[in-house]
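K.L.:
Coordinates only, no sequence provided:
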């Protein structure tokens, strides 16, 4: 008895179209990545918009609280002046005392601010390197630089002689 070869496909082999090419798979993957990135950007925009709104509302609430505190301070100082009047001084003297107290506090705060401003130092190292910039910015053709550039080591600017040739 002769064996015949079966014309039916073998079990386990796909009967559909051939597998997609590498180019098709790469194109599909790029499209998926692009869609994913766009979705992530949209999600970030939504979250940041919500956070920004909440931050704006919070800042406005702090500003309103500050304005209310200023109004409260005005009433406190009026009450203080009236208390001094109740102690037996003339009303105008009481208000003058409160005024002098406010001027004194303002002067102390201004003095503290002035001392802090005096502590600001100018950026010596930056000014030094900016002074050397014209020598470094000479127009030289690309790849034709003739002089070393300054480098920073341990927070110190090491400036080579701008006229010395490259090593």
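P.N.:
Yep, it's here. In this text the structure is predicted, and so the values were computed from the model without any measurement.
K.L.:
And what about residue 121, helix, strand or coil?
P.N.:
coil (DSSP: H, G, I helix; E, B strand; the rest coil).
K.L.:
Share the number of residues neighbouring residue 94, please.
P.N.:
Neighbours of residue 94 under the rule other C-beta atoms under 10 Å: 20. Quick note: C-beta positions are derived from backbone N, CA and C, even for glycine.
K.L.:
In which helix or strand does it reside?
P.N.:
helix 91-118 (DSSP states H and E).
K.L.:
what packs against that helix?
P.N.:
helix 22-86 (3 or more C-beta pairs under 8 Å, 6 or more residues apart in numbering; DSSP states H and E).
K.L.:
Could you tell me the backbone phi and psi angles at residue 21?
P.N.:
With angles defined as degrees, to the nearest 10, residue 21 sits at phi -80, psi 170.
K.L.:
which stretches of this structure have low pLDDT?
P.N.:
The chain contains residues with pLDDT under 70 at 1-17, 129-152, 155-167.
K.L.:
run the last query once more with 90
P.N.:
Residues of the chain meeting the criterion pLDDT under 90: 1-55, 118-167.
K.L.:
distance between the ends of stretch 83-100?
P.N.:
16 Å (C-alpha to C-alpha, to the nearest Å).
K.L.:
For that stretch, buried residues please.
P.N.:
Residues 84-85, 94-95, 98 are the ones in stretch 83-100 that count as buried (16 or more other C-beta atoms under 10 Å).
K.L.:
now do stretch 63-76
P.N.:
Buried residues in stretch 63-76 (16+ other C-beta under 10 Å): none.
K.L.:
Show me what that stretch is in contact with.
P.N.:
Applying C-beta atoms under 8 Å, 6 or more residues apart in numbering, stretch 63-76 has no contact partners.
K.L.:
Apply 10 Å and report the result again.
P.N.:
Stretch 63-76 has contacts (C-beta atoms under 10 Å, 6 or more residues apart in numbering) with 98, 102.
K.L.:
Residue 96 against residue 85, yeah?
P.N.:
No. The pair residue 96 and residue 85 does not pass the contact test of C-beta atoms under 10 Å, sitting 11.2 Å apart.
K.L.:
which residues do the two both contact?
P.N.:
With contacts taken as C-beta under 10 Å, 6+ apart, residue 96 and residue 85 have no neighbour in common.
K.L.:
Now do the contacts for residue 19.
P.N.:
residue 25.
K.L.:
Give me the phi and psi for it.
P.N.:
Dihedral angles of residue 19 (phi, psi; degrees, to the nearest 10) stand at phi -60, psi 150.
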